[in-house]
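# What would the 3D arrangement of this be:
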Amino acid sequence: MPKRLLERWRPECIREFRATARLRYDDGLALAGQGRRTGAIYMWGYCAEMSLKAAYFSVTLSDTTPITWGGHLQPAIQRGRTFMMIAWPHQGAGHNVRAWAELLVAERAATPGRAYAPAVGQQVQACGQRIGQLWNESLRYHNNLAYQHEVTQVRLAAEWLVVNLGSL
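Next up, the predicted model:
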């Protein structure tokens, strides 16, 4: 008997985040094409979250190191709050794309030879802010229909992250 979907998961790692970010971007395009605007934003928010996490952890981890809540995500969030002075809300902390974007740029700036060019750092943060204003993981519980201009804003920001994923 074939393994069920949940039994076929691979550990979360940089490689998995990058591959899945691209899939969620495509899922968002499919949903947007069907007029399912809020669903598209929901997918693109996860696309952005995984892109930013992959870029952040690529500073210190190999592509296949399993990323865990207690060993990696939680300490990164705490580092952002404590050392980088990022305003990082407790609710939905692991999903806050604005904060992950800020942490990524700050961590790269603090790592010798890894700082982004100013325009790239600003673009990463702009994408995080744009998406963060319109998305969070709780969107799945609500029946609102996103406006077309909101869909466009989130799509463009997620698209920039996916296109540039290899160099982030």
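# Identify the residue spatially nearest to the residue positioned nearest the centre of the chain, adjacent ones excluded.
Taking CA atoms, centre = their mean, the centroid of the chain lies closest to E49, which sits 1.3 Å from it. Residue nearest to E49 in three dimensions, not counting chain neighbours: V97, with 5.4 Å by CB to CB, 6 or more residues apart in numbering. For every residue, glycine as well, the C-beta is placed using N, CA and C.
# just A99 next, same as before
W88 (4.4 Å).
# Quick check: next helix or strand after the helix or strand hosting A106?
Element membership for A106 (DSSP states H and E) is helix 97-110. Under the assignment DSSP H and E, the closest C-terminal helix or strand after helix 97-110 is helix 118-134.
# residues in contact with the helix or strand following that next one?
The C-terminal neighbour of helix 118-134 among helices and strands, as given by DSSP H and E, is helix 148-163. If you take CB atoms under 8 Å, 6 or more residues apart in numbering as the criterion, helix 148-163 is touched by 21-22, 25, 28-29, 32, 37, 40-41, 44-45, 47-48, 51-52, 123-124, 126-128, 130-131, 134-135, 168.
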